[in-house]
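Sequence unavailable; structure follows:
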Ligand code: ADE
């Protein structure tokens with residue numbers, strides 16, 4: 001059985017398949033590490049036109065994803081897989097990072113997860129500021145957004161001890177937004193950052209990619225997971241070099257040729273974990 005199953009609910013499965021069927025993600029599926037299913041939201045649409053969206057009450061621009069098709073699609077998955085966790089990519093979610101990827105991959109124990117959650121609440125001020133910024137971006141209220149950090153904490157604590165064989169349903173909204181009542185069926189609201197995309201598909205790809213590469217038998221995942229745990233999820237890597245030694249005057253640091261493993265490890269530790277942008 002796969003370690004993680006992802007069911008992606010989307011209007012555009014054709015936008016996702018090419019990426020997910022390439023390279024490491026293809027191998028991960030081929031090796032049975034992950035399984036990916038696509039559900040076309042249109043199949044759950046209403047009326048002869050299979051409509052999935054409508055205009056907002058109170059007026060305003062754009063169309064909103066309706067509740068009925070979304071609930072029908074999610075319930076159709078949950079009927080067979082009641083413990084599946086629903087992820088909603090949204091700019092007002094908690095910001096995706098390596099710690100969350102590790103948690104979703106089932107690498108961190110619940111205790112470690114609780115520590116992450118604690119550190120999230122320590123930085124609640126910062127998180128709240130981010131959410132408020134997002135709210136401004138989308139014209140939402142502060143009280144709506146303060147739910148996000150709480151939902152993450154509650155769901156993290158609910159997670160089973162044995163995190164293997166998890167099933168995530170990723171709902172990809174499109175159009176201008178979604179009916180707020182959809183949040184009642186969502187376990188994890190995830191934002192990629194402080195900007196607005198046209199839909200959730202890119203977020204779904206990033207979540208699946210960053211979680212899958214951590215799983216055993218994908219990228220030598222056991223090794224990278226162990227290395228990353230040293231850096232408490234802050235795993236920006238140290239600079240690496242291959243041949244030639246001298247490329248147009250840019251030379252490889254001599255220490256890396258020294259054969260002194262302790263000195264190399266020290267150099268790498270000193271040069272990792274921070275942005276080199
Ligand atoms: N959908 C639209 N914008 C998004 C973002 N920044 N992160 C996740 N999902 C989104």
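Thanks, I have it. Given the structure is predicted, the values throughout are model-derived calculations rather than measurements.

use CA for all of it now, contacts and neighbours both
Fine.

Would you mark the buried spots in the host helix or strand of residue 262?
Using DSSP states H and E, the secondary-structure element containing residue 262 is helix 261-270. For helix 261-270, the neighbour count (16 or more other C-alpha atoms under 10 Å) marks 264, 267-268 as buried.

State the three-state secondary structure for residue 168.
For residue 168, the assignment made with DSSP: H, G, I helix; E, B strand; the rest coil gives strand.

Provide a list of residues in contact with it.
The neighbourhood of residue 168, defined by C-alpha atoms under 8 Å, 6 or more residues apart in numbering, consists of 4-7, 84-87.

before we move on, what about residue 73?
Counting by C-alpha under 8 Å, 6+ apart, residue 73 makes contact with 9, 39, 41, 44.

Rebuild those as JSON lines, extending it with pLDDT.
Below are these laid out as JSON lines (pLDDT from 0 to 100):
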{"residue": "9", "pLDDT": "98"}
{"residue": "39", "pLDDT": "98"}
{"residue": "41", "pLDDT": "98"}
{"residue": "44", "pLDDT": "98"}
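
Roughly how far does residue 166 sit from the ligand?
In this structure, residue 166 and the ligand are 21 Å apart, going by C-alpha to the nearest ligand atom, to the nearest Å.

can you pull out the strands in the stretch 101-250 of the chain?
If you assign secondary structure with DSSP state E, counting those that start in this stretch, the strands in the stretch 101-250 of the chain sit at 166-171, 177-178, 188-191, 246-247, 250-251.

and the helix holding residue 262, how far out from the chain's middle?
Here the centre of mass of C-alpha atoms in helix 261-270, compared against the chain's by C-alpha atoms, centre = their mean, to the nearest Å, lies 31 Å away.

Going by mean pLDDT, which of the strands of the stretch 101-250 of the chain comes out lowest?
Taking each of these in turn, the one with the lowest mean pLDDT is strand 177-178, at a mean of 94.

and that one, which strands flank it?
Strand pairing for strand 177-178, determined by DSSP bridges: strand 64-65 (parallel).

Okay then, goodbye and thanks.
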